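[1] One predicted model, sequence on top.
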Amino acid sequence: MTYPEIDPRRVTALVVGIEEYAAGESWRLPGPADDAVRFHGWLRERGVPEANILLHLAPAEGHRPAMAHRPADQAALHHTLTDEIPSLEGDFLWVWWGGHGVLDQDERIRLYYADATAQGRRNLDLDSACRLLASDAVTGFERQSWIVDACQTFDERHGFPRTLDTEKLGAGARTTVHEQALLLAASRGERAANDPVLRSGVFSRLVQDELDRAGTGVALDPERLFAAVLTRVEQEIWAPGRSGQLPTLIIKRPGQERTLGPPAARRQGPGALSALGRVADALLDYPFTHSSDERQTLVLLLDPRLTARMRRNPAPRPDLVAIVSAHGRRADALWTLYEAVTSLDDDPERATELAASITELIDS
């Protein structure tokens, strides 16, 4: 997807950064408001008028920006999304959102408002917001780019006393003109890492760095931006083992949707594919791995953040390759795999080969 040069005066941006929640100190997330302010500055440097930036913040105490901003509670953001943006004219819409999020049991991303509590988890249904802004309720903004730095951890694993509140925004009729690009910090079941020292989402900081390098335009090609961010994620998040999160780009065009993610080999250096094969072969030496039910037992012993999005296969070897690939070359995760396998079968000779193959993969 490529965009022609857009007049910055025809750009509107919804910019959200939520650090403080009504739920209290345990929900505090240092950084999203600072990230939002940095993105606000980027927009202003590229000529977007101040009046076109709809800045909603819930900053932490002691880190309140000097600039005027709107609240980030449900009422305020609901008004902006359903009443204000549809009434505006423009060619390009940016949406930047940083804060807590989860994936509900219907596989929908939910983004918490600042007035969310453990008992009343007020949230935005991301799919619902996209549908509204791509309907004929919005007459302009045929090109839209979203940056969402939030977790997609499974909601039921957080142990809340009640299910999520549901609010689906009303939308107009479907159109044939709107195109949306959603760059998400994490994939299904994953946590999006945050750096409390730098007061920034790890993903947000990398995105902002690439935006700063992108010249003078304000409407960037999302696929090029995604490719550049992936390179940085590989170098600065995966390689040092800071996080296993997998950013995702979703391109929505009328009647079609395309999802882009990092290829499996992206996380592997030279020689890693052969080392991966050796681990798979070592696992195949265990009789239990030839049973799909026993392989599922193995998967249940592993970190669900790593295994939730992998594609399973009924054939033993492809399935084992997928299981190992889901762990990349993260030493902690691969040794957890080793411990899980040897807990199911403690044969010493098989364990020796498995350990050697995992060491080779880590070092490759």
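    Structure's in. What do you need? Residues are numbered from 1 along each chain as shown.
[2] Can you show me the strands along the stretch 51-200 of the chain?
    With DSSP state E, counting those that start in this stretch as the criterion, the stretch 51-200 of the chain has strands at 53-58, 92-98, 101-103, 109-112, 123-125, 143-149, 179-184, 194-195, 200-201.
[3] just for the stretch 101-250 of the chain, where's the confidence low?
    By pLDDT under 70, the weakly predicted segments of the stretch 101-250 of the chain are 238-244.
[4] domain ranges for the chain?
    When the chain is parsed with automatic domain parsing, its domains come out as 8-262, 266-363.
[5] for this protein, what spans make up the helices?
    Counting by DSSP state H, the segments of the chain that form helices are 32-45, 74-79, 85-87, 126-133, 202-212, 222-233, 272-284, 292-300, 304-307, 316-325, 331-344, 348-363.
[6] Just put the ones you listed in CSV and tack on mean neighbour count and distance to Glu156.
    Backbone N, C-alpha and C define where each C-beta goes, glycine included. CSV is the format used below for the helices of the chain (neighbours: other Cβ atoms under 10 Å; distance: least, Cβ to Cβ, whole Å):
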stretch, mean neighbour count, distance to Glu156
helix 32-45, 22, 24
helix 74-79, 17, 22
helix 85-87, 17, 32
helix 126-133, 20, 18
helix 202-212, 20, 24
helix 222-233, 18, 27
helix 272-284, 19, 30
helix 292-300, 15, 15
helix 304-307, 20, 11
helix 316-325, 20, 23
helix 331-344, 16, 22
helix 348-363, 16, 31
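[7] Please produce a markdown table containing these, extended by distance to His63.
    As requested, the helices of the chain are exported to a markdown table (distance: least, Cβ to Cβ, whole Å):
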| stretch | distance to His63 |
| --- | --- |
| helix 32-45 | 7 |
| helix 74-79 | 19 |
| helix 85-87 | 27 |
| helix 126-133 | 26 |
| helix 202-212 | 15 |
| helix 222-233 | 25 |
| helix 272-284 | 41 |
| helix 292-300 | 41 |
| helix 304-307 | 29 |
| helix 316-325 | 40 |
| helix 331-344 | 32 |
| helix 348-363 | 39 |
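[8] among these, which is nearest Gln119?
    Set against Gln119 and scored by Cβ to Cβ, the helices of the chain come closest in helix 74-79, at 14.3 Å.
[9] residues in contact with that closest one?
    Val16, His56, Arg70, Tyr113, Asp115, Arg122, Leu124, Glu167, Leu169 (Cβ atoms under 8 Å, 6 or more residues apart in numbering).
[10] What's the PyMOL line that selects buried ones from these?
    With 16 or more other Cβ atoms under 10 Å as the criterion, this PyMOL line picks the buried residues out of the contacts of helix 74-79:
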select buried, resi 16+56+113+115+122+124+169
